[in-house]
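[1] 3D model of this:
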Amino acid sequence: MDNGSNSAKLRAGVYDLLATLFREPLPAATLRSLRDPTMLQGLTEAGMMLDEAFCNGDSGDEARLREDLAVDYTQLFHGPRNHHPPYESVQTGGEEGELNGHATREARQFFDTAGLVFDDQCSELPDHLSVELACMAELAKREAAGREMGDAEQVERRVEEQRTFLDRHLGRWAPAFGRIVADRAETNFYRQAGRLLAGFVETEMTNFPARESVV
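    Have a look, this model is predicted:
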């Protein structure tokens, strides 16, 4: 019996996808993998309705597509003006929102308590959107592993950690941020990414408390 492990793995996959989309301007290898027919089907199933240029453009237009996406990413998240930095401390701090603020410190403390250690090459602050999404992906993977082992204690712990992180961090700002991205993006790709972010995290916030927390 699956006991929910497949569901946890599927959720982890969406969180991993979103973390990739919001981590940085898409590297050439990542863009190429996203345009693979199998991956495109997965993106569609996740809820991203990508346009013809992204799905069916030939390899010759890859450099131009990548440049257009990089420009959009930069304008959305880095400026030079009317941009929206993808950090919880900035987005939830009101007029006094700043980098490396209170939310940053709380996220770092949560990761330490949960035993989450990210790649040493990750230079982002703990409350960067991609890091928070990666956190949820890792916790969901650990939930799935616990279910497969029949370890009720681990499942309960990982479920509670996910619920807590959604309530205290990601769920507080990611849906609204996703809607901002969808509204401000110049490319269909980031409009769809914003909608997926908002819709998925809202669904998680609605459904997660009802999820069984034992094997």
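[2] which stretches of the chain aren't confidently modelled?
    When residues are selected by pLDDT under 70, those of the chain lie in 1-2, 58-60, 94-97, 118-122, 209-215.
[3] redo that, cut-off 80
    Low-confidence segments of the chain (pLDDT under 80): 1-3, 57-60, 81, 93-97, 118-123, 208-215.
[4] Tell me which other helices or strands the strand or helix carrying Arg172 touches.
    For Arg172, the enclosing helix or strand under DSSP states H and E is helix 171-184. Contact here means 3 or more CB pairs under 8 Å, 6 or more residues apart in numbering; DSSP states H and E; on that basis helix 171-184 packs against helix 88-91, helix 129-149, helix 188-207. Using the backbone N, CA and C atoms, a C-beta is placed for each residue, glycine as well.
[5] Generate CSV for those, with mean neighbour count and distance to Val14 as supplementary columns.
    CSV is the format used below for these (neighbours: other CB atoms under 10 Å; distance: least, CB to CB, whole Å):
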stretch, mean neighbour count, distance to Val14
helix 88-91, 24, 19
helix 129-149, 23, 8
helix 188-207, 19, 6
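[6] how about those in a markdown table, adding distance to Thr20?
    Formatted as a markdown table, those follow (distance: least, CB to CB, whole Å):
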| stretch | distance to Thr20 |
| --- | --- |
| helix 88-91 | 19 |
| helix 129-149 | 8 |
| helix 188-207 | 10 |
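[7] Report the secondary structure state of Met48.
    coil (DSSP: H, G, I helix; E, B strand; the rest coil).
[8] quick one: it and Gly199 touch, right?
    No. Using CB atoms under 8 Å, Met48 makes no contact with Gly199, being 10.3 Å away.
[9] on that earlier part again, of the helices and strands packed on helix 171-184, which is nearest Glu24?
    For Glu24, the closest of the helices and strands packed on helix 171-184 is helix 129-149, at 7.9 Å, according to CB to CB.
[10] The following helix or strand past that closest one: which residues count as buried?
    Heading C-terminal from helix 129-149, the first helix or strand you meet, by DSSP H and E, is helix 152-165. Judged by neighbour count (16 or more other CB atoms under 10 Å), helix 152-165 contains these buried residues: Gln154, Val155, Arg157, Arg158, Val159, Glu161, Gln162, Arg163, Phe165.
[11] so how far is Arg108 from the third one?
    Translated: Arg157. For Arg157, the distance to Arg108 equals 20 Å [CB to CB, to the nearest Å].
[12] Same check on the fourth one?
    Plainly put, Arg158 is 19 Å away from Arg108 if you go by CB to CB.
[13] Same question for Thr187.
    32 Å.
[14] Could you do Ala63 as well?
    When distance is defined by CB to CB, Ala63 is 38 Å away from Arg108.
[15] which of those two has more neighbours?
    The residue with more neighbours, out of Ala63 and Arg108, is Arg108; 15 against 11, by other CB atoms under 10 Å.
[16] That one is in contact with Glu124, isn't it?
    No. Taking contacts as CB under 8 Å, Arg108 lies outside contact range of Glu124: 11.6 Å.
[17] how close does the residue nearest to Gln162 when sequence neighbours are not counted get to His128?
    Of all residues not flanking Gln162 in the chain, Leu139 sits nearest, at 4.8 Å (CB to CB, 6 or more residues apart in numbering). Plainly put, Leu139 is 17 Å away from His128 if you go by CB to CB.
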